[in-house]
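Asker: Give the three-dimensional model of this entry:
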Amino acid sequence: MEAHTFFLDLLIILLSARVLAELAVMLQIPAVMGELCAGIVLGPSLLGVLEPNEVLRMLAEIGIILLLFEVGLETDVRRLIEAGNQSLLVAFGGLVVPFGLGYFTASGLFGMPLLESLFIGGTLTATSIGITVRVLADLNRHNAREGQIVIGAAVLDDILGVVLLALLYEFSIGGGINLVNAGKVLLFVSTFFILAPVSARLISKLIRWVDLRRGRPGLIPTTIISLVLLFSWLAHAFGAPEILGGFAAGLALSRRFFLPLGTALHTDQAFADRIERQMTPIIQLFTPIFFVMVGLSLDLSQVDWSSAFIWQFSLLFLLVAIAGKFAGAVLMRESWLLRTVTGLAMVPRGEVGLIFAELGRSGNIFSNDIYAGLIIVIAGTTLLPPLALKWLYARYGARLGD
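Answerer: This next block holds a predicted model:
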């Protein structure tokens, strides 16, 4: 990509995201909806002005990583720990049920082969933690009880989703189920997730020590951005691309480091406030790029809207995708309202679902019709929950308290 083309693309993304986000807020719609719609309008679905490329994907990944870091800074660790059991229920139910329903619906009702059915089930399990967190933040509920349950569940769900993605991809390129290769995948991903929180704690102490003794203007943003880049490179260097089939999927692993880093820095409230003041402008610059890119990746022009099969397939699996994510929330011993909010917040599939679908397409596992149907399912699960959550909070939010 030439420099002048990149500058123009970035200009269009930033301005359209801001304009449509402001318009969404004026219409009392979550701002994230405006940013997602900006991507749909600019992308191949409508105008075709922009298309996803590697440079923009890297900027988008930095945006989602920084968003999770900001959430970590604002997260009450005590509340997050208290929500642990509930989060585990929501995450586990939200993985097993949609995966099982997706697999048996694909194989039983549509007669699809084993690997294709497994990939469809996998696509339905993925929760987009970025969209989930952003919607709750827009509604100022990310620190409420349901927000802490959802954040914990989304992180666990994302971890399980990455493991499942790695296993399915390994099976697809290996020509079948290979337990030895599956064991290698599980060992790598488990090691990464064990080391990430430990290293986050150590690095947070180092940042605080340096800032107290040698702090100069710009130290904190430079350090945090450098860590984003370093950990993204490490995820690549330690084998993620070979396992997951792409640098972007490898970068997804690095996100799991920056939420615990933020929570570690949050233990010193004054220091956390200082970091947040310095990082907020950078986060607000990069984060909209991520949501526009999700919209750009939804190529709705590929859908044959006159096909009866597309409608039957997409609507059935949309119901499966939504119902499956409510399964974990139903298991909680909470009010029906909190369970409904939690289930809705776990529904968005976004970029994680797109990674599954794209791997299935590029690996010749999905036909064009199946891929198009899954794009409709991902679009529906991405765009509908923010509107439903906005309506629920406007009507019943007072009953939830803090």
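Asker: what's the neighbour count on residue 152?
Answerer: Per other C-beta atoms under 10 Å, the neighbour tally for residue 152 reads 24. Where you see a C-beta, it was placed from the backbone N, CA and C, and this is true even at glycine.
Asker: what helix or strand does the closest residue to it other than its chain neighbours sit in?
Answerer: Computed as C-beta to C-beta, 6 or more residues apart in numbering, the closest residue to residue 152 that is not its neighbour in sequence is residue 87, at 3.1 Å. Assessed by DSSP states H and E, residue 87 sits inside helix 84-104.
Asker: in the following helix or strand past that helix, what counts as buried?
Answerer: Note on helix 84-104: by DSSP H and E, the next helix or strand toward the C-terminus is helix 114-125. Of all the residues in helix 114-125, those buried under the rule 16 or more other C-beta atoms under 10 Å are 115, 116, 117, 118, 119, 120, 121, 122, 123, 124, 125.
Asker: Also stretch 202-216?
Answerer: 203, 204, 207, 208, 211.
Asker: So which of those residues sit within strands?
Answerer: Members of those lying in strands (criterion: DSSP state E): none.
Asker: quick one: which two of these are the most distant?
Answerer: Greatest spatial distance among the buried residues of stretch 202-216 (C-beta to C-beta): 203 and 211, at 12.4 Å.
Asker: Contacts for the strand or helix carrying residue 5, please.
Answerer: Element membership of residue 5 [criterion: DSSP H and E] is helix 3-26. Residues from elsewhere that reach helix 3-26, judged by C-beta atoms under 8 Å, 6 or more residues apart in numbering: 30-35, 37-38, 41-42, 49-50, 55-56, 59, 285, 288-289, 291-292.
Asker: Check which element follows it along the chain.
Answerer: helix 31-42.
Asker: Quick check: next helix or strand after that following helix?
Answerer: Heading C-terminal from helix 31-42, the first helix or strand you meet, by DSSP H and E, is helix 54-74.
Asker: Show me how far stretch 125-141 is from its chain's centre.
Answerer: A distance of 8 Å separates the centroid of the chain from that of stretch 125-141, by C-alpha atoms, centre = their mean, to the nearest Å.
Asker: pull the helix or strand with minimum mean pLDDT from this protein.
Answerer: Ranking every helix and strand in the chain by mean pLDDT, DSSP states H and E puts helix 240-244 at the bottom, with a mean of 42.
Asker: Could you point out which residue ranges in the stretch 201-350 of the chain have low pLDDT?
Answerer: Scanning the stretch 201-350 of the chain for pLDDT under 70 picks out 214-215, 228, 231-260, 266-267.
Asker: Could you verify my assumption that residue 41 touches residue 47?
Answerer: Yes: applying C-beta atoms under 8 Å, one finds residue 41 in contact with residue 47, separated by 6.0 Å.
Asker: So between the two, which is more surrounded?
Answerer: Neighbour count, other C-beta under 10 Å: between residue 41 and residue 47, residue 41 has more, with 17 against 10.
Asker: which residues does that one contact?
Answerer: Applying C-beta under 8 Å, 6+ apart, the residues contacting residue 41 are 16, 20, 47, 295.
Asker: What separation do you get for the second one and residue 14?
Answerer: According to C-beta to C-beta, to the nearest Å, residue 20 and residue 14 sit 11 Å apart.
Asker: between the two, who's got more neighbours?
Answerer: The neighbour comparison of residue 20 against residue 14 (other C-beta under 10 Å) goes to residue 20, with 25 against 16.
Asker: Could you find the closest non-adjacent residue to that one?
Answerer: According to C-beta to C-beta, 6+ apart, the nearest residue to residue 20 is residue 34 (3.6 Å).
Asker: So what's the residue count around that neighbour?
Answerer: When neighbours are defined as other C-beta under 10 Å, residue 34 has 25 of them.
Asker: For it, which residues are in contact?
Answerer: Taking C-beta under 8 Å, 6+ apart, we find residue 34 in contact with 17, 19, 20, 21, 22, 23, 24, 25.
Asker: swap the cut-off to 7 Å and go again
Answerer: Counting by C-beta atoms under 7 Å, 6 or more residues apart in numbering, residue 34 makes contact with 20, 21, 23, 24.
Asker: Now pLDDT too, for the residues you listed, in a markdown table please.
Answerer: Formatted as a markdown table, the contacts of residue 34 follow (pLDDT from 0 to 100):
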| residue | pLDDT |
| --- | --- |
| 20 | 94 |
| 21 | 91 |
| 23 | 93 |
| 24 | 87 |
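Asker: secondary structure class for residue 333?
Answerer: Classification of residue 333 using DSSP: H, G, I helix; E, B strand; the rest coil returns coil.
Asker: Equivalent analysis for residue 140, please.
Answerer: Under three-state DSSP, residue 140 falls in the coil class.
Asker: quick one: which two of the contacts of residue 34 are the most distant?
Answerer: With C-beta to C-beta as the measure, no two of the contacts of residue 34 lie farther apart than 21 and 23, at 7.3 Å.
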